[in-house]
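A.B. asks: Build the 3D model from these lines:
(one chain, ligands or ions: 1)
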Amino acid sequence: MPKAPEADAIVLFGGAGDLALRMLFPSLYFLDADGFLPDGFRIIAAARSALTPDAFREEVREAVIARAQPTAVDPDAWARFSARIDYRAVDATDPESLKAIVEALGDARAPIFYLALSPSLYIGVGRALAACGLATPASRIVLEKPIGRDLASSQRINDALAEAFTEEQVFRIDHYLGKETVQNLIALRFANTLFEPLWNNLTIDHVQITVAETEGVGERWPYYDEYGALRDMVQNHVLQLLCLVAMEPPSDMDADSLRNEKVKVLRSLRRFSRHEAVAASVRGQYAAGVAQGQAAEAYETERGAASETETFVALRVDIDNWRWAGVPFFLRTGKRLPERRTQIAIQFKGVPHSIFGGAADGDLIANRLVIDLQPDEDIELILMNKAPGISQRGMRLQSLPLSLSLLKAYSGPNARRRIAYERLLLDVIVGNSALFVRRDEVEEAWRWVDGIAEAWGEAAMAPKPYPAGSWGPAGAFALIERAGRAWSD
Ligand code: BG6
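C.D. replies: As a prediction, the model looks like this:
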């Protein structure tokens with residue numbers, strides 16, 4: 001396949017919105033400051049409000065300054081960056097209105113159209129871009145998750161976009177794939193000989209994936225109430241993490257090699273029947289409580305009405321393939337939990353026979369690999385060790401972590417944790433799709449998630465309340481304890 005030309009412009013629809021100002025503009029600024037943006041690359045924000053380009057640049061400047069803290073924004077870099085920015089007030093679904101974008105793009109030949117908009121607008125914007133001649137073969141379109149609310153709606157969006165753009169031109173973002181630590185999972189598994197021979201059901205007992213957030217839903221409820229934790233987090237971020245842990249080694253880092261392996265994992269996820277949904281999943285919704293030392297309102301109070309939307313999900317998932325048969329994956333994600341933590345814990349099996357006998361047996365703990373993705377980036381391998389000293393009861397054992405703190409290893413005066421979007425925006429500019437989600441991947445994930453949502457519906461499983469600031473409903477503990485395991489908190 002011929003290599004895609006480097007993009008020469010980006011049009012950010014929803015360019016004055018929260019995502020654009022908090023993430024996209026600062027990311028583009030940092031890329032520019034580090035010399036990654038092509039010469040002459042233009043940035044056009046498109047939104048509904050009537051703003052002058054100067055007033056808009058000022059908003060961007062404030063957003064960049066806030067994001068760059070504690071470092072300062074370099075005046076030369078800012079001058080170069082702000083000269084790239086333009087602003088147009090448009091209705092993105094109206095081809096007539098998009099003429100303003102055609103004009104602003106001028107002689108740009110390979111523009112990126114970034115839809116930082118509600119998914120309900122994707123089809124309309126895709127069609128409007130095609131109608132005014134902007135969907136040229138050299139252009140690219142970027143979509144944020146969620147792509148639809150279920151398989152049928154995601155297929156409608158994908159079909160409509162496919163009328164104007166080829167699959168290679170569509171970049172579906174899951175920002176977790178832009179996180180350094182998430183990519184590090186690929187390095188950990190496939191750049192070391194150590195783990196791969198052990199990475200299977202002969203040695204691994206089970207896997208846990210936790211994506212815990214302390215924040216509540218707050219003002220985002222109009223979006224969130226329609227989606228809930230299953231569709232907002234599990235369908236995308238959590239399943240992407242699961243895929244990277246569970247996939248077979250891809251033949252190379254090529255976009256299709258990597259994504260083929262992820263799709264195979266998604267196809268191997270065991271579907272939930274109504275009966276299994278009750279036994280293997282937990283839905284929760286936060287009630288009032290204390291979060292981070294402060295009184296926190298219930299989700300329903302924020303929303304202003306009763307709701308059946310879950311803000312917490314725990315699942316026991318089985319992957320029906322040779323590598324993982326018999327190894328349960330326990331997943332949980334939720335809002336208003338006691339701490340922010342994204343963690344993957346690989347629990348190995350115990351030794352087949354203990355030679356230590358007596359008291360030491362009780363100390364013998366099976367090895368565990370704990371990969372902390374955020375807030376701290378850390379990889380710990382829990383190993384058994386002889387506790388120092390002598391004892392009449394024989395050798396005392398103790399578990400200790402072999403720790404690889406990425407923060408310490410890579411901290412330095414100029415170290416800055418990159419925003420996930422920096423990597424992803426650069427990849428769109430150069431046309432590398434490896435860290436983007438392919439159509440079949442999104443659809444397989446929906447197929448599986450739809451099965452859970454349907455089973456919940458059939459079993460009339462309403463979310464169970466949990467106090468804000470706790471680790472979810474009691475059922476989440478029972479779920480893992482029934483399988484004879486415990487969350488690795
Ligand atoms: C988004 C979800 O995709 O990811 C949010 O819509 C969630 O609900 C966010 O808070 C979490 O992202 P991060 O990078 O803060 O872990």
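A.B. asks: State the helix or strand in which Val142 lies.
C.D. replies: strand 140-144 (DSSP states H and E).
A.B. asks: That should have said Ile344, apologies.
C.D. replies: Following DSSP H and E, the helix or strand that holds Ile344 is strand 341-348.
A.B. asks: chain center to that strand: distance?
C.D. replies: On the basis of CA atoms, centre = their mean, to the nearest Å, strand 341-348 is displaced by 16 Å from the centre of the chain it belongs to.
A.B. asks: same question for that strand, mean pLDDT?
C.D. replies: Over the span of strand 341-348, the pLDDT mean works out to 97.
A.B. asks: How about stretch 228-239?
C.D. replies: 98.
A.B. asks: Show me the contact partners of it.
C.D. replies: Where contact means CB atoms under 8 Å, 6 or more residues apart in numbering, the residues beyond stretch 228-239 that reach it are 145-146, 149-150, 174, 176, 209, 211, 224, 266, 283, 309-313, 315, 331, 333-335, 437, 445-446, 448-449, 452-453. Using the backbone N, CA and C atoms, a C-beta is placed for each residue, glycine as well.
A.B. asks: Span of that stretch from start to end?
C.D. replies: Criterion CA to CA, to the nearest Å; first-to-last residue distance in stretch 228-239 is 15 Å.
A.B. asks: roughly how far is that stretch from the heart of the chain?
C.D. replies: Distance of stretch 228-239 from its chain centroid, counting by CA atoms, centre = their mean, is 9 Å.
A.B. asks: do stretch 314-327 as well
C.D. replies: The gap between the average C-alpha position of stretch 314-327 and the chain average comes to 21 Å, counting by CA atoms, centre = their mean.
A.B. asks: Then stretch 39-46?
C.D. replies: Average the C-alpha atoms of stretch 39-46, do the same for its chain, and the two points are 26 Å apart (CA atoms, centre = their mean).
A.B. asks: quick one on the thing from earlier: ok, and for the strand holding Ile344, which residues are buried?
C.D. replies: Going by neighbour count (16 or more other CB atoms under 10 Å), the buried part of strand 341-348 is Arg341, Thr342, Gln343, Ile344, Ala345, Ile346, Gln347, Phe348.
A.B. asks: List the contacts of it.
C.D. replies: Residues lying outside strand 341-348 but in contact with it, judged by CB under 8 Å, 6+ apart, are 185, 198, 203-212, 241, 245, 366-375, 485, 488.
A.B. asks: Using ChimeraX, make a named selection holding only the buried ones among those residues.
C.D. replies: Applying 16+ other CB under 10 Å to the contacts of strand 341-348, the buried members can be selected in ChimeraX as follows:
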select :185,204,205,206,207,208,209,210,211,212,241,245,367,368,369,370,371,372,373,374,485,488
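A.B. asks: and the contacts of strand 341-348, which of them are in helices?
C.D. replies: Taking DSSP state H, the ones among the contacts of strand 341-348 that sit in helices are Leu185, Leu241, Val245.
A.B. asks: Just name the closest of those residues to Ala46, please.
C.D. replies: Out of the ones in helices among the contacts of strand 341-348, the one with the shortest distance to Ala46 is Leu241. That distance is 32.8 Å, counting by CB to CB.
A.B. asks: Quick check, the closest one in contact with Gln183.
C.D. replies: No - the pair Leu241 / Gln183 is not scored as a contact, 11.7 Å apart, by CB atoms under 8 Å.
A.B. asks: Extract the CA atoms of whichever helix in the chain runs longest and return them as CSV.
C.D. replies: Using DSSP H, we find that the single longest helix of the chain is helix 439-458. Included here for helix 439-458 are C-alpha records, laid out as CSV according to Å, rounded to 0.1, in the frame of the first residue of the first chain:
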residue,chain,number,x,y,z
ARG,A,439,-13.7,-0.9,12.2
ASP,A,440,-13.9,-4.7,12.9
GLU,A,441,-12.3,-4.1,16.3
VAL,A,442,-14.9,-1.5,17.3
GLU,A,443,-17.7,-3.8,16.1
GLU,A,444,-16.5,-6.9,17.8
ALA,A,445,-16.2,-5.0,21.0
TRP,A,446,-19.8,-3.8,20.6
ARG,A,447,-21.0,-7.2,19.8
TRP,A,448,-19.7,-8.5,23.1
VAL,A,449,-20.8,-5.5,25.1
ASP,A,450,-24.3,-5.6,23.6
GLY,A,451,-24.5,-9.2,24.8
ILE,A,452,-23.9,-8.0,28.4
ALA,A,453,-26.3,-5.1,28.1
GLU,A,454,-29.0,-7.4,26.8
ALA,A,455,-28.4,-9.9,29.5
TRP,A,456,-28.7,-7.2,32.1
GLY,A,457,-31.9,-6.1,30.5
GLU,A,458,-33.4,-9.6,30.4
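A.B. asks: Tell me the strands beside whichever helix or strand comes after that helix, with direction?
C.D. replies: If you walk from helix 439-458 toward the C-terminus, the next helix or strand you reach (DSSP H and E) is strand 464-467. Strands flanking strand 464-467 in the sheet, each with its direction: strand 281-287 (parallel) (DSSP bridges).
A.B. asks: list the helices and strands the helix or strand that the partner strand is followed by packs on?
C.D. replies: Tracing the chain C-terminally past strand 281-287 and defining elements by DSSP H and E, one meets strand 289-291 next. Where contact means 3 or more CB pairs under 8 Å, 6 or more residues apart in numbering; DSSP states H and E, strand 289-291 is packed against strand 294-296, strand 464-467.
A.B. asks: Make JSON lines out of the ones in helices among the contacts of strand 341-348 and add distance to Tyr29.
C.D. replies: Supplementary listing: the ones in helices among the contacts of strand 341-348 in JSON lines, determined by distance: CB to CB, whole Å:
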{"residue": "Leu185", "distance to Tyr29": "28"}
{"residue": "Leu241", "distance to Tyr29": "28"}
{"residue": "Val245", "distance to Tyr29": "33"}
